[in-house]
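Novice: here is the input, now give the coordinates:
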Amino acid sequence: MSFLYEIGPTLMGVAAALLIAGYCWSRVRLASVLVMVWVSVAAVLGQMTIFPGFPNWRESDWQGFGLFGVLAFTPAALLVLTLVRSKKMRGALELIPTSALVMTQVYRFGGLFLIVAYLDGQLPVEVGLVSGVLDTIVATMSIVLGVRLRRNETSARRLVAAWSVLSLADFGWALLLISASFLGLANLSPAPVMMGNPPLLIISLFAMPLGVFVSVYAMLRATRWARR
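Specialist: Numbering: from 1, shown residues only. The predicted model follows:
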């Protein structure tokens with residue numbers, strides 16, 4: 001079980017990237033290349049130990065906290081910014097059915113590794129158990145919603161929007177607690193420092209930014225359906 005926990009988050013991230021790249025190869029080939037480059041970089045950087053002071057924060061963790069924020073937020077910010085500014089990217093994404101977009105989030109079953117970390121005493125209940133359960137709920141909903149959307153890609157507008165909100169709320173909850181804990185605004189025990197260390201770091205570097213982008217885009221698409 002320990003070995004599976006050590007390699008599981010990376011294997012799940014790579015498997016998700018391979019499936020996405022394979023699906024996009026005949027549709028948006030550049031997306032296939034970029035997602036494989038992204039997950040490769042995330043897998044390498046995911047071996048870093050950003051917060052070495054487990055189970056507590058250290059006064060010297062400010063630099064690491066800044067690095068963690070940049071690595072976690074930059075990919076999602078760049079993707080959303082490119083989406084807003086690039087007609088070519090929007091056109092490419094239109095080739096991908098909503099069902100396929102939603103199904104990319106099946107990898108959120110990786111939240112089980114957060115639960116394992118909680119049970120092992122590496123994460124507080126607020127992050128390990130709560131976020132882990134929310135992740136598995138989002139992953140389960142992505143399967144159910146994806147199957148329904150395959151029958152009619154423009155149906156279930158409200159469900160797509162609700163799923164997107166839950167997905168983003170899940171990420172927001174974890175990030176809010178990590179930040180509040182680091183700033184001393186929330187007393188979590190142990191401190192969620194393991195989210196910035198292997199093997200969980202790849203979740204923050206690849207799974208979270210990708211999930212944020214997919215959720216934002218799915219919500220925008222559902223909003224566009226409503227306007228029509």
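
Novice: contacting residues around the closest residue to Val212 other than its chain neighbours?
Specialist: In this structure, Val212 finds its nearest non-sequential neighbour in Ala76, 4.3 Å apart by Cβ to Cβ, 6 or more residues apart in numbering. Every residue, glycine included, has its C-beta placed from N, CA and C. Neighbouring residues of Ala76 by Cβ atoms under 8 Å, 6 or more residues apart in numbering: Met208, Pro209, Leu210, Val212, Phe213.

Novice: for whichever strand or helix holds Ala76, the averaged confidence score.
Specialist: Element membership for Ala76, per DSSP states H and E: helix 62-85. Helix 62-85 comes out with an average pLDDT of 93.

Novice: where does this structure dip in pLDDT?
Specialist: Applying pLDDT under 70 to the chain flags residues 1, 225-228.

Novice: now the strands for it?
Specialist: Ranges of strands in the chain, per DSSP state E: none exist.

Novice: for it, what spans make up the helices?
Specialist: In the chain, the segments counted as helices under DSSP state H are 2-24, 29-45, 62-85, 87-93, 98-103, 111-119, 125-151, 157-182, 201-202, 208-227.

Novice: reformat those as JSON lines; add distance to Phe51.
Specialist: Formatted as JSON lines, the helices of the chain follow (distance: least, Cβ to Cβ, whole Å):
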{"stretch": "helix 2-24", "distance to Phe51": "16"}
{"stretch": "helix 29-45", "distance to Phe51": "14"}
{"stretch": "helix 62-85", "distance to Phe51": "6"}
{"stretch": "helix 87-93", "distance to Phe51": "34"}
{"stretch": "helix 98-103", "distance to Phe51": "33"}
{"stretch": "helix 111-119", "distance to Phe51": "14"}
{"stretch": "helix 125-151", "distance to Phe51": "13"}
{"stretch": "helix 157-182", "distance to Phe51": "9"}
{"stretch": "helix 201-202", "distance to Phe51": "10"}
{"stretch": "helix 208-227", "distance to Phe51": "16"}
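
Novice: how many neighbours does Gln47 have?
Specialist: For Gln47, the neighbour count with other Cβ atoms under 10 Å is 12.

Novice: typed the wrong thing, it's Leu81
Specialist: A total of 10 residues lie near Leu81 under the criterion other Cβ under 10 Å.

Novice: distance of it relative to Leu101?
Specialist: To Leu101, Leu81 is 19 Å away according to Cβ to Cβ, to the nearest Å.

Novice: and for Leu188?
Specialist: To Leu101, Leu188 is 33 Å away according to Cβ to Cβ.

Novice: may I see the buried residues of the helix holding Ala76?
Specialist: Buried residues in helix 62-85, counted by 16 or more other Cβ atoms under 10 Å: Gly64, Phe65, Phe68, Leu71, Ala72, Pro75, Ala76, Leu79, Val80.

Novice: list the contacts for the second one?
Specialist: Shown here is Phe65, whose contacts under the criterion Cβ under 8 Å, 6+ apart are Phe51, Phe182, Gly196.
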